[in-house]
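Asker: sharing a sequence plus its predicted fold:
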Amino acid sequence: MAKSEILAGLDIGSSKVCTTVAEVYQNGRVDIIGVGLVPCCGLKRGVVVDMDATASAIRESVDQAQRVSGAEIQTALVSVTGEHISSLNSPGRVAVTQEDHEVRREHVERVLSASRVIVLPPERDIIHAIPRGFTVDGQGGIKDPVGMAGRRLEVETHIVTGATSFLQNVTKSVAKAGIEAEGLVLGSIASAMAVTNQEERELGVGVMDIGGGTTDIAVLVDGEVYYTAVVPVGGNHITHDVAVGLQTSQEEAEKAKKTAGCARTDMVEPDEVFEVAALGSNEPRQIPRHILAQLIEPRVEEIFELARREIERSGFLGMLPMGIAITGGSALLPGMAETASKVLGTTARIEAPRGVGGMVDSIDSPIYSTSVGLVMYAARHRLSPQEDGKASSLFASVVTSLRRLFG
């Protein structure tokens, strides 16, 4: 990497597209120099349903970020999500046969390759293959086995896969906007880079990114990604509940949610009111705010209950000392952290991006966590020429990192 390099992250969500541009230095410093945020209606639950609308939103977001940063964006690291995403943990094992039985880099590469040999349907492809830790002759918890003595080297790798056609539609939308997809990164992994630090990841922390159409979940322990999942429920479902309950439009419901919404009814004063226009009428009505909270609270509890089940599947429910970091646009609802603590049975907090410099005031919101995390991820994991296929085909654009994610 040169003295400094310009990197871009492109977060394509179900309700918005966010582009973040950063200047990255050799010492690891990341300065945000431009952002662009625009609404997007081209995706549903993280899946492209209107390529033209998606490409248009991408182009507008990128244009905004270019004007602010003064930099020309040609390539970007792109986030992916959706209920088509799935993950599994796959073991690998190789023998160390040299006379001195010293583990060399070639053994690490072989064992990582062995762990990636899984039976995948032809319509799916690997997005990430993340080593969770190495074992030498039964001794686990080893982060870098090179140079150690042993006869058997093992690894367990967290593998994230996605539907080929859905991934292809994302890369095609980006290309249609005139941008080259440098790689694809799971949204929760990118967000985790932005809202947690290395110490938290070492001790154990969960990350929930509550977007418009999905909620992305990641569990990180010993500095590694141990579990990921995508729940197909997000902020748009809350908006829909409000629209139905108040008999108003989606636009009015979204406005009411943002200006007067609350995730807990016990946090709302009984005499508080807000205004909303009914369908077919321009005359606003005054509605008690506690009614809005009653519409929102059940859906929020459902989101956290679904997340609880996923964290339980990871085996780390109640075993994350640093609790749960909640981010994403829907995290801005008052009462989200309190509801999460109640449902998940652990400490929870709302997090915005941290650990970066530059235009920190411009990205001081959970909305920007994924896009900021993408440039932080790119700074840590610059693709080699062999890995960077420049997105001329789908698979060339998919990031398959065989190095530690959080080094």
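Answerer: Cool, got the structure.
Asker: the stretch 51-200 of the chain: strands as residue ranges?
Answerer: Taking DSSP state E, counting those that start in this stretch, the strands of the stretch 51-200 of the chain run over residues 75-80, 86-95, 124-136, 139-142, 152-163, 180-186.
Asker: which among those is found nearest to Gly235?
Answerer: Nearest to Gly235 among the strands of the stretch 51-200 of the chain is strand 75-80 (16.2 Å), distances taken as C-beta to C-beta. Heads up, the C-betas are built off the backbone N, CA and C, glycines and all.
Asker: Ala65 is nearest to which of the strands of the stretch 51-200 of the chain?
Answerer: strand 75-80 (9.4 Å).
Asker: so of the strands of the stretch 51-200 of the chain, which one's packed in deepest?
Answerer: strand 75-80 (a mean of 27; mean count of other C-beta atoms under 10 Å).
Asker: who does the residue nearest to Leu37 when sequence neighbours are not counted form a beta bridge with?
Answerer: Nearest non-adjacent residue to Leu37, counting by C-beta to C-beta, 6 or more residues apart in numbering: Cys18, 4.9 Å away. Note on Cys18: beta-bridge partners by DSSP bridges are Asp11, Leu37.
Asker: Cys18 against Tyr368, yeah?
Answerer: Yes - under the criterion of C-beta atoms under 8 Å, Cys18 makes contact with Tyr368 at 6.1 Å.
Asker: more neighbours: the two, which one.
Answerer: A direct count of neighbours by other C-beta atoms under 10 Å for Cys18 and Tyr368 places Cys18 higher, at 28 against 25.
Asker: next one, pLDDT for the more buried one please.
Answerer: pLDDT, Cys18: 97.
Asker: and for Leu120?
Answerer: For Leu120, pLDDT reads 86.
Asker: with the one 5 residues further on instead?
Answerer: You'll see Asp125 listed with a pLDDT of 92.
Asker: verify the contact between it and Ser165 for me.
Answerer: No - assessed by C-beta under 8 Å, Asp125 is found out of contact with Ser165, at 10.0 Å.
Asker: where does the stretch 201-350 of the chain have low pLDDT?
Answerer: Along the stretch 201-350 of the chain, no part satisfies pLDDT under 70.
Asker: now do the helices in it.
Answerer: 235-246, 250-260, 289-314, 336-344 (DSSP state H, counting those that start in this stretch).
Asker: so which of the ones you listed gets nearest Asn197?
Answerer: Of all those, helix 336-344 comes closest under C-beta to C-beta, at 18.7 Å.
Asker: pLDDT weak spots in the stretch 51-200 of the chain?
Answerer: For the stretch 51-200 of the chain, no range has pLDDT under 70.
Asker: looking at the helices of the stretch 201-350 of the chain, which is nearest to Ile73?
Answerer: Going by C-beta to C-beta, the one of the helices of the stretch 201-350 of the chain nearest Ile73 is helix 235-246, 27.1 Å.
Asker: and that closest one, how far out from the chain's middle?
Answerer: 24 Å (C-alpha atoms, centre = their mean, to the nearest Å).
Asker: tell me what angle it forms with helix 289-314.
Answerer: 150 degrees (axes from the mean of the first three to the mean of the last three C-alpha atoms, to 10 degrees).
Asker: list the helices and strands helix 235-246 packs on?
Answerer: For helix 235-246, the packing partners by 3 or more C-beta pairs under 8 Å, 6 or more residues apart in numbering; DSSP states H and E come out as helix 250-260, helix 289-314.
Asker: wait, Ala76 touches Asp11, no?
Answerer: No - using C-beta under 8 Å, Ala76 is not in contact with Asp11; the gap is 9.7 Å.
Asker: give me the common contacts of the two.
Answerer: Thr19, Leu374 (C-beta atoms under 8 Å, 6 or more residues apart in numbering).
Asker: ignoring the adjacent residues along the chain, who's closest to Lys255?
Answerer: Val276 (7.8 Å).
Asker: looks like the one you found contacts Glu252 (just checking).
Answerer: Yes - with contact defined as C-beta under 8 Å, Val276 reaches Glu252; the gap is 5.4 Å.
Asker: what residues are shared contacts of the two?
Answerer: Leu246.
Asker: Thr239 contacts Gln250, doesn't it?
Answerer: Yes - using C-beta under 8 Å, Thr239 is in contact with Gln250, at 6.1 Å.
Asker: tell me which of those two has more neighbours.
Answerer: Per other C-beta under 10 Å, whichever of Thr239 and Gln250 has more neighbours is Thr239, with 25 against 12.
Asker: list the contacts for the more buried one?
Answerer: Going by C-beta under 8 Å, 6+ apart, Thr239 touches Gln250, Ala253, Glu254, Lys257.
Asker: contacting residues for the third one?
Answerer: In other words, Glu254. Here Glu254 is in contact with Thr239, Val242 (C-beta under 8 Å, 6+ apart).
Asker: do you know how far it is from Leu112?
Answerer: Distance check for Glu254 against Leu112: by C-beta to C-beta, to the nearest Å, it reads 45 Å.
Asker: do the second one as well
Answerer: Going from Ala253 to Leu112 by C-beta to C-beta gives 48 Å.
Asker: what about the two, which has more around it?
Answerer: Higher neighbour count among Ala253 and Leu112: Ala253, with 24 against 18, using other C-beta under 10 Å.
Asker: contacts only, for that one.
Answerer: Ala253 neighbours (C-beta under 8 Å, 6+ apart): Thr239, His240, Val242, Ala243, Leu246, Val276.
Asker: and the end-to-end length of stretch 30-49?
Answerer: 34 Å (C-alpha to C-alpha, to the nearest Å).
Asker: brain fart, stretch 231-240
Answerer: Taking C-alpha to C-alpha as the measure, stretch 231-240 stretches 17 Å from start to finish.
Asker: stretch 327-337 too?
Answerer: 10 Å.
Asker: mind checking how far that stretch is from the chain centre?
Answerer: 15 Å.
Asker: over to stretch 61-79?
Answerer: Stretch 61-79 sits 19 Å away from the centroid of its parent chain (C-alpha atoms, centre = their mean).
Asker: quick one: buried residues of that stretch?
Answerer: 61-66, 68-69, 71, 73, 75-79 (16 or more other C-beta atoms under 10 Å).
Asker: and if you look at stretch 359-369?
Answerer: Per 16+ other C-beta under 10 Å, stretch 359-369 contains these buried residues: Met359, Ile363, Pro366, Ile367, Tyr368, Ser369.
Asker: brilliant, that's me finished.
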